[in-house]
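> Sequence and computational prediction follow.
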Amino acid sequence: EEELEAVNSVYADEVEGVGGGEGEDRWIRLKIMPDVAGDAAMVYASLSLRVHLPLGYPEDAGARGEVEDAAGLTESDVSELRMKMDDLCQELLSDKATCVFQLVQLAKDFVNEKNVPSDDCTICMCPFDEDEQFFLTVCGHSFHVECAARWVHDQYVKTFEKLELDGKAEMPAQGCLTGEAVCPVCRTEISEERTKMLRERIDKLYVEYQEQRREEQLNAERERLEQERRAEIRKNAEKLEREELERTAFVQQPVVVIENYDGDSVKVLRHFMSPFGASDCRLTSQSSSQSLYPRAFVWFSSMDKAMKACKNLQSRYSIHVATYDDFKALNSAGQPSNSVRNARGQQQQQQQQQQQQQQQAFNCAEDDEGVADGMGTLSLEGLTDLIRWKESGKERSVQTALHVKPGAKVTRITNAEDIRTRRAGFIDVQIAAPPRDGEANEEVVAFIASLFNVKRGCVKIVAGHRSREKVCEVSIPSDFREASQEDEAALDSLSSYVMGRLELFG
């Protein structure tokens, strides 16, 4: 009785019950746990020890120990413990000594020895050593402490990385990493209370993670700067190579610049410059926003052709051989502004309308009569555009479109400037005759006859008798006809002839 009271006093927390009374066998039941300083996560093996004390104990009968509710122990482990307890009881019985304390201590030593998981760690798949710490979850799965700490740490970090990516949170400060973690085997939640033994290791792993992350960020920034530096070097090298190619091309193919080119399009420019030996043309926006017209760049196969073009066109355009700076400006030139494009578009639309009217006048056969007006001085090139060659059998003649304005004081041409700049669709003539009874038409015939120095019978109005737009046909003089064999040369000669007549007429 005194021994039971002493055991109950010493192992008050472990005693689960005491039974038996006076005249009966006595027993005591204790919960045997390993010495893990109260850390439930370190408890793998445990059991309940029931000690029977029969009547006549300890002089005449020996005690007997039984193992109940064994956890973390195999059947062979339980059998081994029973054999050891039986041997101890027989030994103490011969000495007639008490054995409850010895049985409790034997069970505790045995549990401490067997408090190692028999299975391998499911994270690293390695067995547990006897002196190695382990982590046991509430679901009964055991892991190495280092493996469990890294598993929990990685789950905490992944949670915050996702929140950081979504902009909902930032990575916590050192020592404040918390979150949700689950068992890697059955996905049962691992509470923070159970992971207290892992806290020191988790914090250490988090410090390493932060250092590694900072290093990765620094490396990424260095890589970005290095890529930018390489890209800049490559860009400069390509720029130098491009400039070298441009210089080579500039030397091999001289470029002529036409300032304020007022042509319709680059196709017109190519057609106009091809007789001078131009190989290519391009239009760019004018550097001055006040100009309505672009700069025209024309390529030539040799400097001689470029100089010849400048010489022939210097009276008509502001033209010069380009410098390399002009050539570089060509590559960086943008498109004209909206206001410039709109103004040019309006002028081009007017020119197209005049050209359409001229075409309609040449093709019209109606007998109409009308009037028109204009201003300027004629030029050889502009007049060639307004004269059309016509050949019928052996007879040759030219046709020209007129826009007349009757009722003037003096008969004369009024749009010479538009003809010179190739913006004219007609030769505008003011007529010193009223538009009645065919008087204006007669004056037109007389004027054209005197202009070409032919008889009035050589001039006839073939279209537009009652319209302002008229087409006159002039029979070619015999001397002129003998002097010119090709149509293109004939037109040039005729233009020169008419220019001479205009000077006399004026």
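Received the coordinates, thanks.

> all contacts plus neighbour counts: C-alpha atoms, from now on.
Noted.

> Note down every partner strand of the helix or strand where residue 429 lies and its orientation.
Using DSSP states H and E, residue 429 falls within strand 427-430. Each strand paired with strand 427-430, and its direction, by DSSP bridges: strand 395-405 (parallel), strand 412-413 (antiparallel).

> Just the buried positions in the longest one, please.
Pointing back at strand 395-405 there. For strand 395-405, the buried set under the neighbour-count rule, 16 or more other Cα atoms under 10 Å, comprises 397-405.

> that older thread, switch the strands paired with strand 427-430 over to JSON lines; also include distance to residue 170 and mean pLDDT.
Formatted as JSON lines, the strands paired with strand 427-430 follow (distance: least, Cα to Cα, whole Å; pLDDT from 0 to 100):
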{"stretch": "strand 395-405", "distance to residue 170": "83", "mean pLDDT": "80"}
{"stretch": "strand 412-413", "distance to residue 170": "86", "mean pLDDT": "82"}
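
> circling back: mind saving the C-alpha coords of the strand holding residue 429 as CSV?
Taking C-alpha atoms only, strand 427-430 is exported to CSV below (Å, rounded to 0.1, in the frame of the first residue of the first chain):
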residue,chain,number,x,y,z
ILE,A,427,-3.8,78.5,-122.6
ASP,A,428,-5.9,81.3,-121.1
VAL,A,429,-6.6,84.1,-123.6
GLN,A,430,-8.5,87.4,-123.1
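
> which other helices and strands contact the following helix or strand past that strand?
Using DSSP H and E, the helix or strand that follows strand 427-430 in sequence is helix 439-452. Using 3 or more Cα pairs under 8 Å, 6 or more residues apart in numbering; DSSP states H and E, the elements in contact with helix 439-452 are strand 459-463, helix 487-505.

> repeat that for 10 Å
strand 395-405, strand 427-430, strand 459-463, strand 469-475, helix 487-505 (3 or more Cα pairs under 10 Å, 6 or more residues apart in numbering; DSSP states H and E).

> Just the element for residue 407, please.
Going by DSSP H and E, residue 407 is not part of any helix or strand.

> My understanding was that it contacts residue 435; is that so?
Yes: in this structure, residue 407 is within contact of residue 435 by Cα atoms under 10 Å, at 7.2 Å.

> Please state the offset of the strand holding residue 429 from the chain centre?
Remark: strand 427-430 is offset 60 Å from the chain centroid, using Cα atoms, centre = their mean, to the nearest Å.

> Residue 444 contacts residue 411, doesn't it?
Yes: applying Cα under 10 Å as the test, residue 444 and residue 411 come out as touching, 8.7 Å apart.

> any low-confidence regions in the stretch 301-450 of the chain?
Per-residue confidence for the stretch 301-450 of the chain (pLDDT under 70) gives these ranges: 327-394, 417-425.

> Then the chain?
Where the chain drops to pLDDT under 70, the residues are 37-41, 118, 130-131, 175, 263-264, 285-293, 327-394, 417-425, 477-506.

> where along it do the helices fall?
2-10, 75-94, 100-114, 145-165, 199-252, 266-273, 303-313, 324-332, 338-363, 380-385, 416-420, 439-452, 478-483, 487-505 (DSSP state H).
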